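Sequence and predicted structure, then a few things I'm wondering about:
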Number of protein chains: 2
Amino acid sequence: MTITTQPTESMTAVTTWLGEFGAALTANDQGRAAALFTEDCFWRDLIAFTWNIRTFEGRAEVTAMLTATLDLVRPSGWKVTAGEEPAEAGGITEAWIDFETSAGRGHGHLRLRDGQCWTLLTTLYELTGYEEPRGLRRPMGAEHGVTRERTTWLEKRQHEERELGVTEQPYVLVIGGGQAGIVLTARLRQLGVPTIVIDKRPRPGDQWRSRYKSLCLHDPVWYDHLPYLKFPDNWPVFSPKDKIADWLESYTRVMELNYWPNTEAKNASYDEASGEWTVNVEREGQPMVLRPRQLVLATGMSGKPNVPSFPGMDSFRGEQHHSSAHPGPDAYRGKRCVIVGSNNSAFDICGALWEVGADVTMVQRSSTHIVRSATLMDIGLGDLYSERAVASGITTEKADMIFASVPYRILHQFQIPLYEQMRERDKDFYERLEKAGFDHDWGEDGSGLFMKYLRRGSGYYIDVGAADLVANGDVKLVRGQVDHLTSRGVVLADGTELPADLVVYATGYNSMNSWAADLISADVADRVGKCWGLGSSTAKDPGPWEGEERNMWKPTQAEALWFMGGNLHQSRHYSLYLALQLKARQVGVPTPVYALQEVHHLR
Amino acid sequence: MTITTQPTESMTAVTTWLGEFGAALTANDQGRAAALFTEDCFWRDLIAFTWNIRTFEGRAEVTAMLTATLDLVRPSGWKVTAGEEPAEAGGITEAWIDFETSAGRGHGHLRLRDGQCWTLLTTLYELTGYEEPRGLRRPMGAEHGVTRERTTWLEKRQHEERELGVTEQPYVLVIGGGQAGIVLTARLRQLGVPTIVIDKRPRPGDQWRSRYKSLCLHDPVWYDHLPYLKFPDNWPVFSPKDKIADWLESYTRVMELNYWPNTEAKNASYDEASGEWTVNVEREGQPMVLRPRQLVLATGMSGKPNVPSFPGMDSFRGEQHHSSAHPGPDAYRGKRCVIVGSNNSAFDICGALWEVGADVTMVQRSSTHIVRSATLMDIGLGDLYSERAVASGITTEKADMIFASVPYRILHQFQIPLYEQMRERDKDFYERLEKAGFDHDWGEDGSGLFMKYLRRGSGYYIDVGAADLVANGDVKLVRGQVDHLTSRGVVLADGTELPADLVVYATGYNSMNSWAADLISADVADRVGKCWGLGSSTAKDPGPWEGEERNMWKPTQAEALWFMGGNLHQSRHYSLYLALQLKARQVGVPTPVYALQEVHHLR
């Protein structure tokens, strides 16, 4: 094989741009740098320039950000990532790029249009001098040579388990040992940040084990990998809940996390003068005080149940509970079950109850968006997270970065055509649902499921089969608002009576800052404000436009208080940036936060 | 980038040869096929042609093998593996190849010299119709759709755990739940072969946990990966014993093995008429009978201790035990310890005892080969198993195949120059050892450690520091044979008396067939004969030349009885071929064994 190479047009365009951009930054000429962007540009920064997670829109915002940050950040070494050929399509040239800052090493993505930057993603992936011990830097394990009274790996682990949180305080306390807390703690461990993660349940993975028995992940395996340790290639596409639970339990052990099960945080307060939290916890029934410097709430973005208060609930003689407390169908064979709600949990619970022969009624209070799982996998995720993507070189890490490179402001434009394809492919399915009286939507702007998730974290069902039960009448569908309960059942606003032995409130969850209200104070919760949502001015996501998820994985108005959560993709990807923010603070790398989250909504 | 390609000379040479070879095989013309090989050729087959593990040397053996096997095997589709460019160096053209047989799909490696085949490796890696559920074939996990009374993943697992071995018999019983038993069972599970693996210890990994506390793997991480689930890239180079133990425990769970801890096999007998074993086991103290079709002994190639019987042992008043029963140094601070032996275990134990301040004497009875761990890693393994190898595209799987492609008959020729390099690099080290009176060797033909391992599984120490203790006299060295023990210590043949509070017999292990003698009968053990060794006519590996490890991972003279073992590299690689042999028998794929192992030595 004879190979002759010359720089492609795309490569020339990108290196030219990077050269000019780097020179403008080195010259501290923010205006010249901003002029290299299109008028409608986006620059998304994940902690590399701002020690924050922000997207800047238009040249003025870019200029302002650079003016505030360049002195400290001193970016340099802009280049195309080795082995990644820039490519042009539809007038847009895309490239993977690398750079350095005064604090560490960065990776990013660039889209050029007519020689100007349309979108730029900059991320910091490691701190210079605090690189993770991986690959060539991995630990030796054995300490060669002989040393009197050496301590072994086991003795060190046992010492740490015995002393950390007792005689030595952790730098970080993570409350909530679900997937988000686990992956963040794994990253902190690799970075050498003393961390304890606590959870009230007996075993890692119990967050999944305790859910209804037929539950499987709704996202496919390629989307679900944890950092450091990928699922093996025999892992099922949709992981059964107990299998993912066992994986999480093994993972906490293999990654050597200081995971305290059976431990509940009772209250917490922060002393600004000493920079220390006082957290009262109950561990295995015994009260203890922990004094971390940083507190992370990883209690689940859908952690705190939103339990409605309908008149008459106290007089209802049957069983009633929030979907999060639903024990599964086994006790309800032959019983009359009313499920209030029509999103994921409602459908899953309806399906499982129907399977055991319960008499099931779903109360739909507002429109819901449904996509079939196979269709979503193929059209919605297939280019980034699938066996096909892996085969074409899109690793999970690369897929995460590609996804991160599309600014939230315009993400819906890329999503809408996908959902139009889905609508077309499953036309019959949607017609049947409609005929059954189901109130279906595609999101306010037709942008579908993922935008709903990012904007409000609710309002949809990924159909794994239960939608057909509604379409064919096996699960009875009623539309309307709940007016009140009687001793015998649920009464809707139009007077419809639904006799019930069981009422399940599949009514969703509150904003994560409600956890802060319970644990710390209403004052602190209000200071932080609403978590999650982009400020899209769509239902349950009021404006103004934020451009990023509110308060997630980044500094909040409450010092030393952080919110960690999201699905497995987000937990995996954003845990890196949160971990680096915490590591930088631990070791005293300056972390001036640019454009700290403002609070526009309390919850 | 402009790419123009044309077949290279190497590619042309390989495709020409494969074309002629394939045509000769299709024409059933064994002579024509054999004429395509050099006079001094080697063809190594891992179950693809022979349902055996054999190397054929010279054209006559190739012809004979083809004559016996071609009718059934019907090989076809010989081609260069996609993406693997053949390359020429030093007059040898190397290529990766693929082919098919009537039973499945094969992968191999070819070396051409002057247009003729010098070495050929053929392996079968999957059975057609019984492919493992990986990648595109991975299970869905969730069963989409709703089904009345569906059983969940957890319920199926619980059912299997409850019933297998009780109401349903396993097809395979693996005795010994160390690394070899675990990885074989993992492969069998993926292939859908009902298998139970039993171990007498309480937890998977206890084989490692129970060893002395400073023990770490002597092989580096790249050499140690298990199938399906690689160690994460933060894994230490030399895994501490408790860490690898935890990994094995997590692995058995994540891979969903039917692992019975606290279970000991008492005796076993095979009924040829019914093709069934009767194995009496004691599980958690309760007697049970298992009736598998196939029995695998995975009790460790260094499993059964070789305890010497010296006169006077029964009168010795101190403590004495075999190295495998050594509890670690903690109880022997300040005590006089005599270690009989000078290989790996002896050095490890001497080092650990010295570290706690014991008075340690090593009794060297015969010469030992020592290489320093870092040197071995760099020169001996670095091209195949290292971060450098990974970076240059040599995956673990590829490294295994490269290693397998070099015929055992000539492997020492490739090894000798490596050990000459090591000798040169660590010249000072060996001089110091010699000065201290240590009897050092490089193997009879100077081929070093790995050949010693393959030939006799003993006779060496991978130095992780303790050799210096001998060199500098911290550990006292005495050379000679043990004559007898007194109540106070050890007396050597030359009359030297070694007073001792503790005597450790680091005297190695018996052949694996000694396990069969204990478990089944002396008759069956003798029928199988010695396990391990190549027949190299060097010390502890008597001829005649076998060309492969005796009785390992392949059929033996005892029907339905198999031996599984070796280091992590061998366990990983050869477990595939043993698993496929068992799977083929389970589903009735014909498996005529060509050139069944003959027995030349009983133990």
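Looks like it arrived, so ask away.

In three-state terms, how would A:V338 be classified?
strand (DSSP: H, G, I helix; E, B strand; the rest coil).

doesn't A:A500 make contact with it?
Yes: using Cβ atoms under 8 Å, A:V338 is in contact with A:A500, at 4.3 Å. Just so you know, the C-beta spots here come from the backbone N, C-alpha and C atoms, and that holds for glycine as well.

what residues do the two have in common as contacts?
A:T361, A:G489, A:V490 (Cβ atoms under 8 Å, 6 or more residues apart in numbering or on different chains).

top of the residues you listed by neighbour count?
For the shared contacts of A:V338 and A:A500, counting by other Cβ atoms under 10 Å in any protein chain shown, the largest number of neighbours falls to A:V490: 26 neighbours.

Give me the packing partners of the helix or strand hosting it, helices and strands only.
If you go by DSSP states H and E, A:V490 is part of strand A:489-492. On a contact count with 3 or more Cβ pairs under 8 Å, 6 or more residues apart in numbering or on different chains; DSSP states H and E, strand A:489-492 meets strand A:336-340, strand A:482-485, strand A:497-499.

Can you say which of the ones you listed is nearest to A:P194?
Closest to A:P194 of those, according to Cβ to Cβ: strand A:336-340, at 44.6 Å.

hang on, the earlier thing: what does the strand holding A:V490 rub up against?
Taking Cβ under 8 Å, 6+ apart as the rule, strand A:489-492 contacts A:312, A:316, A:318, A:336, A:338, A:340, A:363, A:478, A:480-485, A:497-500, A:503.

pLDDT score for whichever residue of the stretch 51-200 of chain A sits closest to chain B?
Nearest residue of the stretch 51-200 of chain A to chain B (Cβ to the nearest Cβ) works out as A:G141 at 2.7 Å. With respect to pLDDT, A:G141 has a value of 83.

how about the closest residue in space to it that isn't next to it in sequence, what does it touch?
The shortest distance from A:G141 to any residue other than its chain neighbours is 2.7 Å, reached at B:P236 (Cβ to Cβ, 6 or more residues apart in numbering or on different chains). Counting by Cβ under 8 Å, 6+ apart, B:P236 makes contact with A:R138, A:P139, A:M140, A:G141, A:A142, B:V221, B:K243.

Any idea how many residues pack against the fourth one?
Other residues within reach of A:G141, judged by other Cβ under 10 Å, total 19.

what's the answer for the fifth one, then?
A count of nearby residues for A:A142, using other Cβ under 10 Å, gives 23.

Throw together a ChimeraX command that grabs the buried residues out of the contacts of B:P236.
Buried residues among the contacts of B:P236 (16 or more other Cβ atoms under 10 Å in any protein chain shown), as a ChimeraX selection:
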select /A:138,141,142 /B:221,243
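
picking that back up, now the helices and strands packed on strand A:489-492 in CSV, with mean pLDDT and distance to chain B?
Below are these laid out as CSV (pLDDT from 0 to 100; distance: least, Cβ to the nearest Cβ, whole Å):
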stretch, mean pLDDT, distance to chain B
strand A:336-340, 98, 14
strand A:482-485, 98, 25
strand A:497-499, 98, 21
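
Among these, show me which one is buried the most.
Scoring the helices and strands packed on strand A:489-492 by mean neighbour count under mean count of other Cβ atoms under 10 Å in any protein chain shown gives strand A:336-340 as the most buried, with a mean of 24.

Check the offset of the very next helix or strand once past that one from the chain's centre.
Next helix or strand after strand A:336-340 toward the C-terminus (DSSP H and E): helix A:344-355. In this view, helix A:344-355 has its centroid 24 Å away from the chain centroid, taken as Cα atoms, centre = their mean, to the nearest Å.

angle of helix A:344-355 against strand A:336-340?
If you take axes from the mean of the first three to the mean of the last three Cα atoms, to 10 degrees, helix A:344-355 sits at 170 degrees to strand A:336-340.

Do any residues in helix A:344-355 lie close to chain B?
Yes: counting by Cβ under 8 Å from any Cβ of the partner chain, chain B has neighbours in helix A:344-355: A:G351, A:W354, A:E355.

The second one: how many residues sit nearby?
One way to gauge burial is a neighbour count; for A:W354, by other Cβ under 10 Å, it gives 20.

distance of it from A:F429?
18 Å (Cβ to Cβ, to the nearest Å).

ok, now the last one?
Here the distance between A:E355 and A:F429 works out to 20 Å (Cβ to Cβ).

Over to the first one?
From A:G351 across to A:F429, the span is 16 Å (Cβ to Cβ).

Check A:K243 too.
For A:K243 relative to A:F429 (Cβ to Cβ), the value is 28 Å.

for A:W96, same thing?
A:W96 sits 39 Å away from A:F429, going by Cβ to Cβ.

same thing with A:G566?
Note on A:G566: its distance to A:F429, by Cβ to Cβ, is 29 Å.

Of those two, which one has the most company?
Neighbours were counted for A:G566 and for A:F429 using other Cβ under 10 Å; A:G566 has more, 25 against 19.

The nearest residue to that one once chain neighbours are set aside: helix or strand, and which one exactly?
Excluding the flanking residues, the one nearest A:G566 by Cβ to Cβ, 6+ apart is A:M301, at 5.9 Å. Using DSSP H and E, A:M301 sits in no helix or strand.

A:M301 against A:M512, yeah?
Yes: under the criterion of Cβ under 8 Å, A:M301 makes contact with A:M512 at 5.7 Å.

More neighbours: which of these two?
A:M512 (28 against 23).

which residues touch that one?
A:L297, A:T299, A:G300, A:M301, A:G303, A:K304, A:C531, A:W532, A:N551, A:F563, A:G565.

if we can go back for a sec, quick one: common contacting residues for A:M301 and A:M512?
What both A:M301 and A:M512 touch, as defined by Cβ under 8 Å, 6+ apart, is the set A:C531, A:W532, A:G565.

now the residues you listed: which count as buried?
Buried among the shared contacts of A:M301 and A:M512 (16+ other Cβ under 10 Å): A:C531, A:W532, A:G565.
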